[in-house]
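**Student:** show me how the following folds:
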Amino acid sequence: HRFSSQTFWSLYPFLHLLRTRERRKRILEVCCGAGHASFVVSNYVNPEELICVDGGFKSLYLAKKYFSNAAEFINIDANYQLPFKDGVFSSVLMMDAFHYVDARALLAKELERVLDKEGMLLLLHLHNALAENPAAGKPLSPSAWRGLFDRDVSVRVLPEKRVVEDFVLRDRLDLSKEYSEEELNSSDAIIIVAGAGVGLECFDGVWEDILKVKREVKENLIINPIYKMKEKGDKILFEREFPSESFRNEYSLTEKYLPERGEIGKGLVRGGSVCVSDSDEREGEIKEIEDLMRKFVVINVPEKYI
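**Tutor:** Alright, predicted model coming up:
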């Protein structure tokens, strides 16, 4: 149910920034896990080269087998120096992992070292030591996370909740807003985005930008597996069912914004996949599917996804 978690949603607003010509040349994802983020980056950013590293061989096996055929996977322990030359990556991405690394100061220096001077560093879902978290790891305060990085370029520290809500409710990524220390300290998790080209910008129409790319790539669309489905006439009804109470408690924004129930035209679901027919209603069907994608009811997954 990774595609249903609010922490994973935080990636989508930044796809536009990763997709610029300078930043998509060679992307490094650190602690890639089973490859969910690398799949999204492969599809919607289409980098010239994508390197995914993780300390767990099992995770790398799953990522290579199921999620991304376009990436190279390397077994690396993030507590040690990275085996890459200085400045070789145009973007570095890390999601929901830094707080589980012991040598955080070393890793921060290494991420800066391997990143090109004009590159972008994107750290998503960093646990805040000033807030409770059921799987906290070894978190830092927002100011301590910021203090790990010495880059002369812009370093933006953002409260994750505000970024996700701006995306879900307003279809926006706002890097122009300055957040107070109180706002950052009260956030469950924060985001750090840094880079020479990262300015105080506000991007509207984030989803339209994603869907524009979607129309150009091969997709495997399904109803989000967090929903249970049943047929009723010419419709398929779906109703949200959390896998556990711990999932519900950890992802409060998921419960708040992922629709509890809804429906989709029966003709759009065939053999478990969501697809558009060749009928005269094609344009209306595309709009229905894309509206459900904006709500994460319909998701794009690898062909082998179970």
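**Student:** only C-alpha atoms for contact and neighbour calcs from this point on.
**Tutor:** OK.
**Student:** a helix runs through Val40, doesn't it?
**Tutor:** Yes. Assessed by DSSP: H, G, I helix; E, B strand; the rest coil, Val40 belongs to a helix.
**Student:** give me the neighbour count for it.
**Tutor:** 19 (other C-alpha atoms under 10 Å).
**Student:** quick one, grab the pLDDT at it.
**Tutor:** What the model reports as pLDDT for Val40 is 93.
**Student:** quick one, what contacts it?
**Tutor:** Val40 is in contact with no residue at all, counting by C-alpha atoms under 8 Å, 6 or more residues apart in numbering.
**Student:** residue ranges with poor pLDDT in the protein?
**Tutor:** Low-confidence segments of the chain, defined by pLDDT under 70: 68-69, 151-153, 216-218, 277-281, 306.
**Student:** how does it look with 50?
**Tutor:** The chain contains no residues with pLDDT under 50.
**Student:** that one: helices as residue ranges?
**Tutor:** 6-9, 15-18, 36-44, 57-62, 104-114, 142-147, 160-170, 181-185, 206-214, 245-250, 252-257, 282-294 (DSSP state H).
**Student:** helix 206-214 and the longest one, what's the angle between them?
**Tutor:** In other words, helix 282-294. 120 degrees (axes from the mean of the first three to the mean of the last three C-alpha atoms, to 10 degrees).
**Student:** dump helix 282-294 to PDB, restricted to CA.
**Tutor:** In PDB, the C-alpha atoms belonging to helix 282-294 read as follows (Å, rounded to 0.1, in the frame of the first residue of the first chain):
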ATOM      1  CA  ARG A 282     -13.000   8.000 -25.300                       C
ATOM      2  CA  GLU A 283     -12.400  11.600 -24.300                       C
ATOM      3  CA  GLY A 284     -14.900  11.400 -21.500                       C
ATOM      4  CA  GLU A 285     -13.400   8.100 -20.300                       C
ATOM      5  CA  ILE A 286      -9.900   9.600 -20.300                       C
ATOM      6  CA  LYS A 287     -11.200  12.500 -18.100                       C
ATOM      7  CA  GLU A 288     -12.900  10.000 -15.700                       C
ATOM      8  CA  ILE A 289      -9.700   8.000 -15.300                       C
ATOM      9  CA  GLU A 290      -7.400  11.100 -14.900                       C
ATOM     10  CA  ASP A 291      -9.800  12.500 -12.300                       C
ATOM     11  CA  LEU A 292      -9.400   9.300 -10.300                       C
ATOM     12  CA  MET A 293      -5.600   9.400 -10.800                       C
ATOM     13  CA  ARG A 294      -5.600  12.900  -9.200                       C
END
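**Student:** re earlier: need the helices of the chain in a markdown table (columns: distance to Val92).
**Tutor:** Formatted as a markdown table, these follow (distance: least, C-alpha to C-alpha, whole Å):
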| stretch | distance to Val92 |
| --- | --- |
| helix 6-9 | 16 |
| helix 15-18 | 9 |
| helix 36-44 | 12 |
| helix 57-62 | 18 |
| helix 104-114 | 7 |
| helix 142-147 | 16 |
| helix 160-170 | 18 |
| helix 181-185 | 23 |
| helix 206-214 | 20 |
| helix 245-250 | 26 |
| helix 252-257 | 26 |
| helix 282-294 | 26 |
